[in-house]
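Q: Provide a 3D model corresponding to the input given below.
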Amino acid sequence: MLRAFALTLALGGLVALQAQEPATKSPAEKAQKQQAKGAVKGKDGKTAPKGPPPVTPTEANVAYGSHPRQVLDFWKPASDKPTPLVVMIHGGGWVNGSKDNYARQVAPYLKAGIACAAINYRMVPEATEKGIDPPVKWPLEDAARAIQFLRSKAKEWNINPDRIGATGGSAGGCSSLYLALHDDLADPKSDDPVARQSTRLYTAAVTGAQTTLDPKILREWMPNYRYGGHAFAIRTDKERDGAFQKYWEKREELLPKIRQYSPLEQVSKDDPAIYLEYPSQKKPAVKGENQDDPTHSALLGMILMEKLKEAGVEGVLVYPDAPNDKYKNSQAWLIERLKR
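A: Now for the predicted structure:
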């Protein structure tokens, strides 16, 4: 039974990574695409049983903005007092993906008395078409707006506004880290009551997350790294990650924006505890070596852990060669930390 439960949690973490856009998909990305469809192929070639059944949201497709993608689902646990909240941000490279897969992952949180919200957000390709500079501004600002909207609903939805955590896979994990580490984005002078709400988090626990968008740092750690240029409108027509060399060459020009939107650059001593897991790390994580799946490599966690340690911020890094008996995955971390 325990092994089956652990497997269910592991599969849930990989679903959170989501399938990514074109180019050559890594083994992890291919598995994620299959899981996003609700089933995976077993070794015998047959379709394996689906994961946990989806849980119907208490509130579905609630608008937190005016764009069709600015919607969220909310699950409310039974409780007489305000509950913690986990905000789930899907992956997909900020170019695709959906909140819908999280309906299969909320049950353990609800059982523990923790509310859940899963968000959609505006994507980088549309932002690029509309001339948003940089395009990554849209998904990150939407994640912050969703946190503010949920805080504005604290009384109505029985949420404890001081116990909000975020989780996500890949790009969704990057967005979660950005929120957790960034200074408060609230505008206390705004006429909009939602904009006056805090964006700060109590904690974040992420899977396969990118921790920096700086091509220089990334190539120093992983010579075959290719992801990130599209966040700043640098890509080829057919491939999201096909213009990394151009991205590298334009680094100095883009550096102020890269630093503005990279989680690594937001770290300060007052930040909340961070949990990082990288389940797709199949080989030893060694700085300076090519990685099988550089976009989701544990080296990304190591980069951030150095900065967290320097600032005196608690951080936990987990991958196959570095397991953690107490916090086996993001879900275990969030349930324990938010219920303290």
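Q: where's Lys111 relative to Arg69, distance?
A: Note on Lys111: its distance to Arg69, by C-beta to C-beta, to the nearest Å, is 30 Å. C-betas here are computed from N, CA, C, even on glycine.
Q: Those two: who's more crowded?
A: The neighbour count for Lys111 versus Arg69, taken as other C-beta atoms under 10 Å, is higher for Arg69 (16 against 10).
Q: Could I get the phi/psi values of the more buried one?
A: Backbone torsions of Arg69, given as degrees, to the nearest 10, read phi -80, psi -10.
Q: ok but Val87 is inside a strand, no?
A: Yes: under DSSP: H, G, I helix; E, B strand; the rest coil, Val87 sits within a strand.
Q: Let me see the confidence value for it.
A: Listed pLDDT for Val87 reads 99.
Q: For it, which non-adjacent residue is closest in space?
A: In space, Val87 comes closest to Ala166 once its chain neighbours are excluded; the distance is 4.7 Å by C-beta to C-beta, 6 or more residues apart in numbering.
Q: just the helices in the stretch 101-250 of the chain please.
A: Assigned by DSSP state H, counting those that start in this stretch, the helices in the stretch 101-250 of the chain fall at 107-111, 124-129, 137-152, 154-157, 171-181, 215-221, 244-249.
Q: Put together CSV for the ones you listed, with distance to Glu336 and mean pLDDT on each row.
A: Formatted as CSV, those follow (distance: least, C-beta to C-beta, whole Å; pLDDT from 0 to 100):
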stretch, distance to Glu336, mean pLDDT
helix 107-111, 12, 98
helix 124-129, 34, 96
helix 137-152, 21, 98
helix 154-157, 22, 98
helix 171-181, 17, 98
helix 215-221, 30, 97
helix 244-249, 38, 93
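Q: picking that back up, surely the residue nearest to Val87 is in contact with His90?
A: No: look at Ala166 against His90 with C-beta atoms under 8 Å: they stay out of range, at 11.8 Å.
Q: the more surrounded of the two?
A: Ala166 (30 against 27).
Q: ok, now which ones touch the residue nearest the centre of the chain?
A: Centroid-nearest residue in the chain: Gly173, 1.8 Å away (criterion: C-alpha atoms, centre = their mean). Gly173 makes contacts with Ala16, Ile89, Gly91, Thr167, Val206, Thr207, Gly208, Ala209, Gln210, as judged by C-beta atoms under 8 Å, 6 or more residues apart in numbering.
Q: what is the mean pLDDT for stretch 287-296?
A: Confidence over stretch 287-296, taken as the mean pLDDT, stands at 97.
Q: And stretch 90-102, by the same measure?
A: Summarised as a single mean, pLDDT over stretch 90-102 is 97.
Q: picking that back up, out of the contacts of Gly173, which comes closest to Val136?
A: Nearest to Val136 out of the contacts of Gly173 is Gln210 (C-beta to C-beta; 10.8 Å).
Q: Pull the number of nearby residues for that closest one.
A: By the measure other C-beta under 10 Å, the count of residues near Gln210 is 30.
Q: dump the residue contacts of the nearest residue to it once chain neighbours are set aside.
A: Excluding the flanking residues, the one nearest Gln210 by C-beta to C-beta, 6+ apart is Cys174, at 4.3 Å. By C-beta under 8 Å, 6+ apart, Cys174 lies in contact with Gly168, Val206, Ala209, Gln210, Thr211, Pro263.
Q: May I ask which two of those residues are separated the most?
A: Farthest pair in these (C-beta to C-beta) is Gly168 and Thr211. Separation: 12.8 Å.
Q: The protein: strands as residue ranges?
A: 59-63, 71-75, 83-89, 115-119, 159-169, 203-207, 274-277, 315-318 (DSSP state E).
Q: Of those, flag the one that's most buried.
A: Among the strands of the chain, judged by mean count of other C-beta atoms under 10 Å, the one packed with the most neighbours on average is strand 203-207 (a mean of 31).
Q: State the distance from the closest residue to Val71 other than its chain neighbours to Lys246.
A: Counting by C-beta to C-beta, 6+ apart, the nearest residue to Val71 once its immediate chain neighbours are dropped is Asn61, at 4.6 Å. If you measure Asn61 against Lys246 using C-beta to C-beta, the figure is 38 Å.
Q: ditto for Lys81
A: Lys81 is 53 Å from Lys246, by C-beta to C-beta.
Q: Please apply the same query to Arg151.
A: Counting by C-beta to C-beta - Arg151 and Lys246 are separated by 40 Å.
Q: So for those two, which sits in the more crowded spot?
A: With neighbours defined as other C-beta under 10 Å, Arg151 and Lys246 compare such that Arg151 has more, 20 against 13.
Q: So for that one, what's the nearest residue that isn't a sequence neighbour?
A: Nearest residue to Arg151, sequence neighbours excluded (C-beta to C-beta, 6+ apart): Gln197, at 4.2 Å.
Q: Kindly state the pLDDT recorded for that neighbour?
A: The model's pLDDT for Gln197 equals 98.
Q: quick one: Tyr275 and Thr207 touch, right?
A: No: using C-beta under 8 Å, Tyr275 is not in contact with Thr207; the gap is 9.5 Å.
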